[in-house]
Every structure is written in C-alpha cells, then in structure tokens.
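*Asks:* Take a look and give me a structure for this.
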Amino acid sequence: MRTLGGKGNERGRVMLISTRGRYALRVLLDLAQNQNGGYIAMKTVAERQGLSLKYIERIMPVLSKNKYVEGVHGKGGGYRLAREPKDYRVGDILRLAEGDLAPVACLGCDAKTCERKDSCPTLPMWTEFHNMVNNYFDGITLADLMK
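*Replies:* Below is the predicted model of the structure:
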C-alpha cells in the first residue's frame with residue numbers, strides 16, 4: 001500500500017495495491033494456470049505476463065520462504081505452486097506482498113494503539129471497511145480466478 005502526498009502525510013493516504021502485490025498475484029496465477037507437475041522458468045512467466053523478470057526475481061524469494069512456491073535452480077529449474085490453487089486465498093497473497101491492507105494508519109498491523117481510539121467517531125467505519133476488504137479478498141482463491 002502506498003501513500004500519496006509525501007512521506008508521512010496521512011492526509012494523502014489511499015489504499016492502493018502496489019506493483020509488488022499485483023505481480024505476486026499474477027505470477028502465482030500464471031503458475032496455477034500452467035501447472036503440469038514440472039517447474040516453470042520465471043523468464044517464461046515474465047514473457048507470458050508482460051512483467052519485468054528482474055522485479056519477479058525480487059518477489060520469488062518471499063513466496064518461496066513462505067512456502068507459496070517450490071523452486072529448483074539450474075537447468076530445467078524454475079518454480080511451481082506448493083499447494084493446490086484452491087488453497088491460495090488472494091487476501092493472503094496480497095497481505096504477504098503488501099504487509100497490510102489497512103485503509104488508515106491506526107489499523108495497520110504495526111500500528112501503535114491510537115490515543116483517540118476510545119473517542120474516535122470514524123474508527124468503527126474504518127474498521128468495518130478494513131474487515132470488508134479483507135473478507136472480500138479472503139473469499140477469492142487462485143482456483144476462482146482460473147474459472
């Protein structure tokens with residue numbers, strides 16, 4: 001998620017899924033759509049998806065470390081999904097890539113408890129919106145996107 005309007009400027013904060021989140025989702029979806037039990041080279045995925053190979057190569061270690069994909073180096077190497085497409089929720093993928101999907105800073109995963117928490121009239125609205133976004137993305141799997 002990124003902010004608009006300068007560093008630390010909460011006034012300009014908008015919920016925006018970054019390139020990292022979108023690429024992670026596209027790479028995993030490509031692997032799901034083209035799985036055949038073998039490993040797929042990221043060069044092939046990059047070409048099919050029209051994505052930067054260098055950028056994909058920065059995302060893959062995170063996906064591998066968190067057991068979203070299995071990788072093999074060398075000739076015939078590449079990546080494949082570690083589980084079935086139905087076992088990958090879009091919300092989990094985006095949170096892994098983005099770190100958070102919170103619409104306001106006080107709901108972020110690393111946020112300190114806001115001093116206005118008990119008196120903030122907008123907190124329930126932001127909390128409900130945050131829950132709606134997470135529930136929406138958690139209700140979609142890679143298998144759903146393949147249909």
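
*Asks:* contacts and neighbour counts: CA atoms only from here.
*Replies:* Will do.

*Asks:* residue closest to the middle of this protein?
*Replies:* With distances taken as Cα atoms, centre = their mean, the residue of the chain nearest its centroid is L94 (1.9 Å).

*Asks:* doesn't L25 make contact with it?
*Replies:* Yes. Using Cα atoms under 8 Å, L94 is in contact with L25, at 7.3 Å.

*Asks:* Excluding chain neighbours, what is closest to the residue nearest to the centre of the chain?
*Replies:* Leaving aside its chain neighbours, L94 sits nearest to G21 (5.2 Å; criterion: Cα to Cα, 6 or more residues apart in numbering).

*Asks:* can you pull the contacts of the residue nearest to the centre of the chain?
*Replies:* L94 is in contact with 17, 21-22, 24-25, 100-101, counting by Cα atoms under 8 Å, 6 or more residues apart in numbering.

*Asks:* any idea whether it is helix, strand or coil?
*Replies:* What DSSP: H, G, I helix; E, B strand; the rest coil gives for L94 is helix.

*Asks:* Scan the contacts of L94 and report the most crowded one.
*Replies:* Among those, A24 has the most neighbours (other Cα atoms under 10 Å), with 23 neighbours.
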